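Chemist: here you go, sequence then predicted model.
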Amino acid sequence: MIVIRAKQLNFKKMKEFIMVFRNAAMGDFKPTAEQIQAIEKQWADWLGGIAAQGKYVGGTRPAPEGKVISAGNVVTDGPYAEVKEILMGAANIKADSLDEAVEIAKGCPILLVGGNVEVRPVIIMNM
């Protein structure tokens, strides 16, 4: 029996990155059921491709309602309709470098509708 330890294989540890998705406020735009289905398929295909490479860690999408807490513990309703960009969600991925993470982000469907993707390394906070 041959026992191979991970150290012997010299595995390269991937780093974790967060991709934050934003888009312009769309006002009263209400997509049709067909448009929603097409958009969801684009996202599923893109994220599925990342997952197939073993690089998808997880993601979230915020609900439209929420609260904003400011200095002095002032709580207001938010997010606001008058903001120029809306946080659409975020996904964590694994990549060897920031450049590789940026290349992965270039396939994001939000870019097709004028949105943007912010890519940053994740700092793991062990408590």
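Modeler: Received it, and whenever you're ready, just let me know what you need.

Chemist: now do the helices in the chain.
Modeler: 6-9, 33-52, 98-105 (DSSP state H).

Chemist: out of these, which gets nearest to Met19?
Modeler: Checking these against Met19 by CB to CB gives helix 98-105 as the closest, at 5.2 Å. The way it works is simple: take the backbone N, C-alpha and C, and place the C-beta from them, glycine included.

Chemist: relative to helix 33-52, how tilted is that closest one?
Modeler: Going by axes from the mean of the first three to the mean of the last three CA atoms, to 10 degrees, helix 98-105 is angled at 150 degrees with respect to helix 33-52.

Chemist: buried ones in helix 98-105, by neighbour count?
Modeler: Using 16 or more other CB atoms under 10 Å as the burial criterion, the residues of helix 98-105 that qualify are Glu100, Ala101, Ile104, Ala105.

Chemist: quick one: contacts of that helix?
Modeler: Phe17, Met19, Ile50, Lys55, Ile93, Ala95, Val117, Val119, Pro121 (CB atoms under 8 Å, 6 or more residues apart in numbering).
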